[in-house]
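Asks: One predicted model, sequence on top.
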Amino acid sequence: MKDSVNIGLIGFGTIGSGVVETLNRNLDLLENKVNKKVKLKKVVDLDIKTDRGIDISPRILSTDIEDILEDPDIDIVIELIGGYQPALKFILRAMENGKHVVTANKALIAKHWDELISSAQKNHVRICFEASVGGGIPLLQPINECLAANHFESIYGIINGTANYILTKMSEESRNFEDVLKEAQEKGYAESDPTFDIEGDDSAQKLIILTIIGFGIYVKQENFHVEGISHITQDDISFAKNELDCCIKLLAISKVVDGNLEIRVHPTIVPMDHLLSSVNGVFNGVYLVGDIVGPVMMYGPGAGMLPTASAVVGDCIDIIENREKSVLYGPAETSVRKISNINDLKSKYYLRLLTEDKPGVLHEISGILSEHNISIGSMIQKQENDGIPIFLVTHMALEMEMRAAVEKIDQLDCIKAKTIFIRVL
């Protein structure tokens, strides 16, 4: 094994700059840990003129990807350009040329898992992606290795900082969704087009990876339920907080029930005495339960230049120390029999309805719920100028029945707006 390791970095954006800063600041620490010289040999980006505000030699900057992919001296390739292409092409070529790969590209891993792992195995290299889920939080390696003695029963994740920031601000400051989203965009916590974050796609991609690591099964996003937070109002936040002593979080959930895997992303009403209720702002948290260890909570910054760079460089160290390690993620065999459909979910539900002010409305609504084997646990009715808001919480019910009941309720003449329902943890 060589006494030195050369790294090639593809992508000199925010996270790439964080990687360079991390190597500048802590190179002695890293080299002492691995007992080798570590060198950032080349950085490739389309833009090498913009000053990133960090110390870097112009001699290692290039716009030519071949300077990394075809350099036999480069041992590890870090991919930080994101997206599907050309990232996939670059990573596959790197592995075909015998180079280990580190990436933070959750979208690519979630969509092309089989192809990436197959290539790594075929070419006897490793692909590491700790930074793809939870930013700087140590998640995947602890689940995959430190907790490997466990069969996991459930994984619950708050893994999108944008959505969590919005829901936190709505709760703490009694503000509406649109106002908080605008503030998040102004602060750089949300993109100009926030759809990917607020509609659950980002969480879904990360959940795919967590499910692979925790349960040893790869589930494509189109095969499970994904729902965002854009329909959540201050009425929902206030009811959860004041009437139920709960908060609302966008949860990514994988759990095994009777041998079947439930995998889903959606807003969830979380009791305030649950550890996940304390994960606020742009922070992330993952709560998992193993059959041996019991409940474990992992918490920290889910994004950001240096936290994510910390995970990227950590993967490089792991590769340097364990180059000959085989590519194995998750349990060797999965105990999951099948993927459950969201319609088979059993849960308590919160419903928000807006009705006309006239006699018999509650009778009609409760009648429909009863027809679908749904019983009401609690209910509050308010008087407002534009109608009568009704808030209710059910006992345990089947999702398929809840959907059918809500569809039928919304067809009533007395209903003035689409009924919203949120699952209760």
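Replies: Received the coordinates, thanks. Numbering: from 1, shown residues only.

Asks: Spell out which residues make up each domain of this structure.
Replies: What automatic domain parsing lists as the domains of the chain is 4-128, 140-301+334-339, 342-424.

Asks: Which among the ones you listed is found nearest to residue 313?
Replies: Residue 313 lies closest to domain 4-128 among the domains of the chain, at 5.0 Å (CB to CB). For glycine as for every other residue, the C-beta is placed from the backbone atoms N, C-alpha and C.

Asks: for the closest one, the distance to its chain's centre please.
Replies: The chain centre lies 23 Å from the centre of domain 4-128; the measure is CA atoms, centre = their mean, to the nearest Å.

Asks: Next: stretch 130-137.
Replies: Distance of stretch 130-137 from the chain centroid (CA atoms, centre = their mean) equals 9 Å.

Asks: Show the average pLDDT along it.
Replies: For stretch 130-137, mean pLDDT is 94.

Asks: What of stretch 225-244?
Replies: In this model, stretch 225-244 has a mean pLDDT of 96.

Asks: Give the buried residues for it.
Replies: Buried positions in stretch 225-244, judged by neighbour count with 16 or more other CB atoms under 10 Å: 225-230, 232, 234-237, 239-241, 244.

Asks: And for stretch 409-420?
Replies: Quick answer for stretch 409-420 (16+ other CB under 10 Å): 409, 412, 414-415, 419-420.

Asks: who's in contact with it?
Replies: With CB atoms under 8 Å, 6 or more residues apart in numbering as the test, stretch 409-420 has contacts from 231, 233, 236, 351-356, 358, 360-361, 364-365, 368-369, 386-387, 406.

Asks: try stretch 316-333
Replies: In contact with stretch 316-333 (CB under 8 Å, 6+ apart) are residues 1, 5, 7, 30, 33-34, 36, 38, 76, 78, 100, 102, 117, 120-121, 125-128, 140-141, 144, 148, 151, 212-217.

Asks: Mind doing that once more with 6 Å?
Replies: 5, 34, 76, 100, 102, 120-121, 126, 144, 212-213, 216 (CB atoms under 6 Å, 6 or more residues apart in numbering).

Asks: Same check on stretch 142-160?
Replies: Outside of stretch 142-160, the residues within contact range by CB under 6 Å, 6+ apart are 164, 197, 202-203, 206, 210, 213-214, 249, 251-255, 279, 284-293, 329.

Asks: how far does it stretch from start to finish?
Replies: 20 Å (CA to CA, to the nearest Å).

Asks: Averaged pLDDT, it. What do you get?
Replies: For stretch 142-160, the mean pLDDT works out to 95.

Asks: where does residue 116 land in three-state SS?
Replies: The three-state label given to residue 116 by DSSP: H, G, I helix; E, B strand; the rest coil is helix.

Asks: ok, it - contacts?
Replies: residue 127.

Asks: Ok, the one 3 residues further on next?
Replies: Listed by CB under 6 Å, 6+ apart, the contact set of residue 119 reads 92, 95.

Asks: Give me the local confidence score for it.
Replies: pLDDT for residue 119: 96.

Asks: Ok, residue 334 next?
Replies: 79.

Asks: which non-adjacent residue is nearest it?
Replies: Spatial nearest neighbour of residue 334, chain neighbours left out: residue 216 (3.9 Å); criterion: CB to CB, 6 or more residues apart in numbering.
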